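**Q** here is a sequence together with a model predicted from it:
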Amino acid sequence: MHRLLEGVSLVAFDLDGTLIDSVPDLAVAVDASLVELGLPVAGEARVRDWVGNGSLVLMERALRHAVLARSGEADPATDLRGGAVTPSLGATDAIPGIGPPLRSVPGASPDIDSALLARAHAAFLAHYGRDPGAHTRLYPGVRECLDALREKAVPLALVTNKPYAFIAPILTGFGLEHHFALCLGGDSLPQKKPDPAPLRHVAAHFGVAPEACLMVGDSRHDIAAGRAAGFRTLAVPYGYNHGEPVRDSGPDAVVESLAELV
Ligand SMILES: O=C(O)COP(=O)(O)O
Ligand SMILES: [Mg+2]
């Protein structure tokens with residue numbers, strides 16, 4: 001058993017990039033949505049760097065990239081990875097929602113019209129919802145870890161920024177729907193990670209002191225939320241962290257596989 005688990009009465013897991021490699025399905029849905037809007041596709045490698053702040057921000061990042069790509073200014077050095085999360089109203093013109101050819105400085109983030117973002121997000125939810133687990137896989141060590149924690153009778157919670165509606169179909173596909181006593185999606189509360197509110201909610205729900213709770217995740221948002229909530233924090237390095245090493249966020253420990261936890 002990992003030292004961080006000593007005295008722990010509740011474990012909260014992140015989902016995407018921690019338990020499941022969901023990017024193949026997310027990328028298919030992002031690209032199908034972009035095609036529907038007449039925009040260039042993004043591809044799996046880019047989508048991997050955009051996951052982590054929920055589906056609306058994912059589509060905002062995808063639109064920013066598509067607008068730059070369409071105007072021939074997509075720049076591999078452009079940092080859209082953990083980029084802007086506040087949609088702003090932009091001019092609309094040729095394609096509804098996208099402004100005139102961008103007078104952008106390389107690396108600048110174009111404004112995205114809120115109506116276009118709403119359309120793109122609705123398209124994404126429809127495409128992804130068709131079969132959110134089709135090409136999604138559990139990471140090695142995950143089942144072993146969850147089964148062992150269940151045997152130890154440690155209550156488990158799932159705290160993801162993914163919309164709540166997708167959690168059950170994915171967990172059910174892996175036969176893991178009974179492992180979690182509580183699941184929160186990115187739309188379950190007004191706040192999502194890195195805000196500590198979802199983790200505080202989980203700790204309060206089970207009546208466990210934050211010091212006796214462990215947050216396990218793959219991104220800086222999980223570690224920041226865990227720390228701000230007073231949880232212990234454990235990171236896995238194989239997931240999605242906007243292309244940055246999650247170690248840089250200062251988790252209490254890092255494990256290569258969740259099997260090391262138990
Ligand atoms: O939907 C996302 O952006 C990522 O979800 P996660 O919080 O499970 O990593
Ligand atoms: Mg994650």
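**A** Yep, that arrived. Residues are numbered from 1 along each chain as shown. Ligands and ions are numbered 1, 2, ... in the order given.

**Q** can you tell me how far residue 248 sits from ligand 1?
**A** Distance of residue 248 to ligand 1, computed by C-beta to the nearest ligand atom, to the nearest Å: 17 Å. Every C-beta, even on glycine, is put in place using the N, C-alpha and C of the backbone.

**Q** please work out how many residues are found near that residue.
**A** 11 (other C-beta atoms under 10 Å).

**Q** got phi/psi on it?
**A** With angles defined as degrees, to the nearest 10, residue 248 sits at phi -60, psi -20.

**Q** give the contact list for it.
**A** Contact analysis of residue 248 by C-beta atoms under 8 Å, 6 or more residues apart in numbering lists residue 220.

**Q** quick one: name the residues of the stretch 101-250 of the chain near ligand 1.
**A** By the rule C-beta under 6 Å from any ligand atom, the part of the stretch 101-250 of the chain lying against ligand 1 is 160, 161, 162, 193, 219.

**Q** tell me the backbone dihedrals of the nearest residue to residue 247 once chain neighbours are set aside, please.
**A** Spatial nearest neighbour of residue 247, excluding adjacent residues (C-beta to C-beta, 6 or more residues apart in numbering): residue 254 at 5.7 Å. Dihedral angles of residue 254 (phi, psi; degrees, to the nearest 10) stand at phi -130, psi 140.

**Q** I figured residue 254 hits residue 238, correct?
**A** No. With contact defined as C-beta atoms under 8 Å, residue 254 does not reach residue 238; the gap is 10.3 Å.

**Q** wait, what's in contact with the residue nearest to residue 247?
**A** Contacts of residue 254 by C-beta under 8 Å, 6+ apart are 234, 235, 236, 237, 246, 247.

**Q** which of those are buried? Put it as a PyMOL command.
**A** Here is the PyMOL command that selects the buried residues among those (16 or more other C-beta atoms under 10 Å):
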select buried, resi 234+235+236+246
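
**Q** need the contacts of residue 254 in TSV with distance to residue 186, pLDDT and secondary structure, can you?
**A** Converted to TSV, these look like this (distance: C-beta to C-beta, whole Å; pLDDT from 0 to 100; DSSP: H, G, I helix; E, B strand; the rest coil):
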residue	distance to residue 186	pLDDT	secondary structure
234	21	98	strand
235	19	98	strand
236	19	98	coil
237	23	98	coil
246	19	98	helix
247	24	97	helix
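
**Q** which other helices and strands contact whichever strand or helix holds residue 119?
**A** Using DSSP states H and E, the element containing residue 119 is helix 114-130. The contact analysis (3 or more C-beta pairs under 8 Å, 6 or more residues apart in numbering; DSSP states H and E) places helix 114-130 against helix 23-36, helix 55-70.

**Q** show me which residues of stretch 223-239 are buried.
**A** For stretch 223-239, by 16+ other C-beta under 10 Å, it's 223-229, 231-236, 239.

**Q** among those, name the ones in strands.
**A** Those of the buried residues of stretch 223-239 mapping onto strands are 232, 233, 234, 235, per DSSP state E.

**Q** the second one bridge partners, please.
**A** Going back to what we said before, that points to residue 233. Under DSSP bridges, the beta-bridge partners of residue 233 are residue 215.

**Q** quick one, what contacts it?
**A** Residue 233 makes contacts with 214, 215, 216, 217, 222, 223, 226, 227, 251, 252, 253, as judged by C-beta under 8 Å, 6+ apart.

**Q** roughly how far does the closest residue to residue 246 other than its chain neighbours sit from ligand 2?
**A** Nearest residue to residue 246 in three dimensions, chain neighbours excluded: residue 235, at 4.4 Å (C-beta to C-beta, 6+ apart). Counting by C-beta to the ion, to the nearest Å, the gap from residue 235 to ligand 2 is 10 Å.

**Q** thank you, goodbye.
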